[in-house]
Structures are given as structure tokens and as C-alpha cells.
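Trainee: With the sequence up front, the predicted model follows.
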Amino acid sequence: MACDLRETSPSDTRSVGLRSYDSRVSVPQAVLLAVLAAIVGLAVGGLLIPYVNARQAQRREAESGLTMSQVLDLIVLTSESGIAVVDEYRDVVLVNPRAEELGVVRNRLLDERAWAAVEKVIAEGEDVEFDLTLKNPVPGRGRIAVRGVARPLSRGESNFVVLFADDDSETARMEATRRDFVANVSHELKTPVGAMSLLAEALLESADDPDSVRHFGNRLLAESGRMGKMVTELIALSRLQGAEKLPQLEAVEVDVVVNAAIERSRTAAEAAGITVSTDSNSGLEIFGDEPLLVTALSNLVENAINYSPRGSHVSVSRAVRNGHVNIAVTDRGIGIAKEDQERVFERFFRADKARSRATGGTGLGLAIVKHVAANHNGEITLWSKLGTGSTFTLRIPAVETEDPDKRTPPGTPVGKKENGSRPAGRARPNGVEATR
């Protein structure tokens, strides 16, 4: 077979599939072009991969929540302690709102006392405590005690100091209260102990005089009784102050508490020529501890008797208001000055010291009432006016009853019709209304 071996011209091209190439391009050149295309692809991919990875990381962080850095910032921001970081040049590099509230930093400037502590930390490299207690009490807030510590915080060649500060006002107040309590107890016990010592000496010297022995013996008995009562009330008060709110409160009949308190005070009332009256039985119940409630109410009744003129009246009334039973004790006594009304519930405080000692008062009765009320989720309030009298109202949560016949409209005093109701704590015997 004859073959047609024509000579192919350089301009001829061949077609293979969908690709066409010039027959003049050699194989090595095609390989170089492919390698170049791969290099360009890798370069473009290398530029895009970090961007894509960053976007993916951001997306993962957004989906997973806060980062560790954000958590630390949030802790510092919401901390109850004031936190600030300063450098050796007194520049504040970090501060949280609490540090500004406590006065560690004001207008980006570190307090002088705090700066003195920082300088000492930088010089010695050890923790230094500082005190930023305000010398002058803030109106409406009292004395503010701010105490803190400065600690070294080194970072490279720079010296930083971190300061932590806390409001220590409550601790300072409790410490002051403890000191006052110890001083008051020492003073109050010193008086009867000294009197008993003198009376004992007088008894020894009057052994041959029966009348003198009887006189000094009665006085000795009175002083020993007063001291015994004070010790008993101190023990009761310490238990009340150390206890939390009573965990298991039972339903207690208000009428039982009122009647028991009045009966306990009957001897003192008869001796003072004072009439103690009350409204009719209520059928109401409150949550509480019956012995404690009787003690608190009898303290209020005895206090009213002690500060009322001979021949006057003391009244006890009951009313329901806003889910609480109000037991009010009203006297027509000397009243309490306005400046003393906020202090009458303090231990050993006496508005009239001479009268209190004459009646054998310890200065602890109203303090006990306050703590009994607090432990029953209640409160004790006072209204008083000099020359008119006083009303102490003990408010204790009421037991709700499903019996319609035992329900009392809120704010309606028990034993009175709703149309002729009186405000709680204003009960008067013989239909006499209080003028406030």
C-alpha cells in the first residue's frame, strides 16, 4: 500500500477532543505553564486561608459564648471589691466602678493614702494595708470604713501595683457596738453590785437593830432582784441576737398572748394604781413562738405602766392590716422626746434614767422586743408625743383563715364595727379617742 507522505506545513494545527494546541509548543513548555498556574493558586489560597480561619474562629467564639479575657474583664467589672492597677508613675491603668465608689480613685487620680501604700510596695516589694475611712460621716449614711491592701504586680521591667479595697463599715459598726455593750454591761452591773456591798456592810453594823436590819434587807433583796433580772434579760437578748429567724413558726392565738401578757403585768399595774384595758377577743392567729411573744408584749405593757402617772390607763388593742396583726400598747404617760425615739430600742438606753432606776428597769426590755419582732419576720414601731403618751405597735404576720366568720377586714380593729373603726394602735377605754 502506498502511503501519502505529505510534508506538513508549520502552520497546521491539530485538534484533540475539546482542547486545541499549537503543534509548535513543546512538552516542557506545557509543564512550566501548569506549574506556574499551581503556584499562583497556592499563593491566592495562602492569602485567603488566614482570613477564612479567622472568620471561622470568630464564628466559633460567638457560638461558644464569652472568651476567657471577657470573663476576666466581667469579674473585675462586677466585683464587690474595689480593684485598681497603677504604675510606678501613679498612672491608673485599670480601675473598676467599685474602686471609684469607695474613693480609691477619683477622676483617674489615686487617693493620697493609697498612693503612699503603693510607694511602699514598690520600695519593699511586699503587701501593704491601707485605710481610706472617711473622717467625716456622709450625711444619711453614717461613717464609712474603707480598708484595703496593695500588692506588687511585676511585668517585665515595669512595676505595677494592684489595689483591693472593701467597704468595712458593717464590721467597724459591729466592733463599736461590742465595745459599747461591754462598757454598758460593766457599768450596769457595777451599780447593783456596789449597792449590795454597801447594804451588806450596813446589815452587819445594824445587827442589834431589827428595824434597820429589815430596812437594809429589803433594799438588798431589791438590788439582788434587779441584778438577777438584768442577767436573765442579757441571756435572753444574746440568744435572740445570735439566732436566725425562727425556722418553724406555729400558729399562736393572739388572745392567749394578750391575756398572758396582761396577767403577767397585773401586780405591777395594781402597785402603780394603773388600769390595763383591752378590746374584745379576736380569734386571730399569728405565726410565732408563744413564750417569746408573751415576753415581748409583757415588756411593752410593763414599760407603759412604768412611764404612766398613777391612776391613768394603759390599753392594748388588736387589728389586722396588710396581712399582719398589729398589737398596740398605748399609755397616757410622759411621752418620749423626738430625738430619743430612734434610740429607745438600743440596749441600756433610758430616756428617763431616774424613773427607770426607780422602777427597777434594766434598759433591755425594748431591745428584747425589737429582736423578738425581727425573729418573727415582724417589726416594732413607735408613736410618741411629750405630755400626751406613747403607742408601741408590735406587727407580726397573721395566719390566714378560710372560715369567713373569722375573717377581719384589713385595717379594721377587732371588737369594733367596720363603720366605727379606729386606726390601729389607738384603742382607748371608755370610748375615748386618741388625739394625735
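Mentor: Yes, it's here. Values in this document were obtained by computation on a predicted structure and should not be read as measured data. Numbers count the residues shown, from 1 in each chain.

Trainee: only C-alpha atoms for contact and neighbour calcs from this point on.
Mentor: Will do.

Trainee: beta partners of residue 250?
Mentor: residue 288 (DSSP bridges).

Trainee: per-residue confidence at it?
Mentor: Per-residue confidence at residue 250 stands at 84 (pLDDT).

Trainee: list the contacts for it?
Mentor: Residue 250 makes contacts with 286-289, as judged by Cα atoms under 8 Å, 6 or more residues apart in numbering.

Trainee: who wins for most neighbours among those?
Mentor: residue 288 (26 neighbours; other Cα atoms under 10 Å).

Trainee: I'd say that residue and residue 257 touch.
Mentor: No - using Cα atoms under 8 Å, residue 288 makes no contact with residue 257, being 10.6 Å away.

Trainee: and residue 397, how many neighbours?
Mentor: Residue 397, neighbours per other Cα under 10 Å, totals 20.

Trainee: pretty sure it is touching residue 321, no?
Mentor: No - applying Cα under 8 Å, one finds residue 397 not in contact with residue 321, separated by 9.6 Å.

Trainee: residue boundaries of the strands in the stretch 151-300 of the chain?
Mentor: 158-167, 250-253, 275-278, 285-288 (DSSP state E, counting those that start in this stretch).

Trainee: can I get those strands in a markdown table with distance to residue 220?
Mentor: Output for the strands of the stretch 151-300 of the chain, formatted as a markdown table (distance: least, Cα to Cα, whole Å):
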| stretch | distance to residue 220 |
| --- | --- |
| strand 158-167 | 49 |
| strand 250-253 | 39 |
| strand 275-278 | 30 |
| strand 285-288 | 38 |
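
Trainee: quick one, helices of the stretch 1-150 of the chain?
Mentor: 27-64, 68-78, 97-101, 112-124 (DSSP state H, counting those that start in this stretch).

Trainee: The ones you listed: lowest mean pLDDT?
Mentor: What stands lowest among these, in mean pLDDT terms, is helix 27-64, with a mean of 63.

Trainee: Measure how buried residue 206 is and give me the count.
Mentor: The burial count for residue 206: 15, using other Cα under 10 Å.

Trainee: Over to residue 324?
Mentor: Residue 324, neighbours per other Cα under 10 Å, totals 21.

Trainee: what secondary structure does the closest residue to it other than its chain neighbours sit in?
Mentor: Counting by Cα to Cα, 6 or more residues apart in numbering, residue 324 lies nearest to residue 397, which is 4.3 Å off, once chain neighbours are set aside. What DSSP: H, G, I helix; E, B strand; the rest coil gives for residue 397 is strand.

Trainee: Can you tell me how far residue 397 is from residue 101?
Mentor: 38 Å (Cα to Cα, to the nearest Å).

Trainee: Then residue 321?
Mentor: Taking Cα to Cα, one finds residue 321 at 40 Å from residue 101.

Trainee: sorry, back to before: just name the most buried of the strands of the stretch 151-300 of the chain.
Mentor: Ranked by mean neighbour count, those are led by strand 285-288 with a mean of 23 (mean count of other Cα atoms under 10 Å).

Trainee: contacting residues around that one?
Mentor: 246, 249-254, 325, 376, 396-399.

Trainee: which SSE is the closest residue to residue 296 other than its chain neighbours in?
Mentor: Closest residue to residue 296 apart from its sequence neighbours, by Cα to Cα, 6+ apart: residue 369 at 4.7 Å. Here residue 369 sits within helix 365-375, counting by DSSP states H and E.

Trainee: name the helices or strands packed onto that helix?
Mentor: helix 210-242, helix 290-306, strand 379-385, strand 389-397 (3 or more Cα pairs under 8 Å, 6 or more residues apart in numbering; DSSP states H and E).

Trainee: Turn these into JSON lines, columns for mean pLDDT and distance to residue 199.
Mentor: JSON lines is the format used below for those (pLDDT from 0 to 100; distance: least, Cα to Cα, whole Å):
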{"stretch": "helix 210-242", "mean pLDDT": "76", "distance to residue 199": "6"}
{"stretch": "helix 290-306", "mean pLDDT": "88", "distance to residue 199": "25"}
{"stretch": "strand 379-385", "mean pLDDT": "90", "distance to residue 199": "38"}
{"stretch": "strand 389-397", "mean pLDDT": "92", "distance to residue 199": "37"}
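
Trainee: can you tell which of the ones you listed is closest to residue 265?
Mentor: helix 290-306 (6.0 Å; Cα to Cα).

Trainee: picking up where we left off before, any idea which of the strands of the stretch 151-300 of the chain gets closest to residue 266?
Mentor: Once the strands of the stretch 151-300 of the chain are compared by Cα to Cα, strand 275-278 is nearest, at 8.1 Å.

Trainee: Which strands border the closest one, and is each parallel or antiparallel?
Mentor: Short version: by DSSP bridges, strand 275-278 pairs with strand 313-321 (parallel).

Trainee: mean confidence score for the strand it pairs with?
Mentor: 91.

Trainee: Would you mind identifying the next helix or strand past it?
Mentor: strand 324-331.

Trainee: helices or strands next to that next one in the packing?
Mentor: Against strand 324-331 (3+ Cα pairs under 8 Å, 6+ apart) you get helix 290-306, strand 313-321, strand 389-397.

Trainee: Now do residue 72 against residue 79, distance only.
Mentor: With Cα to Cα as the criterion, residue 72 and residue 79 are 11 Å apart.

Trainee: what's the answer for residue 169, then?
Mentor: Residue 169 is 18 Å from residue 79, by Cα to Cα.

Trainee: That's all I had, so thanks and see you.
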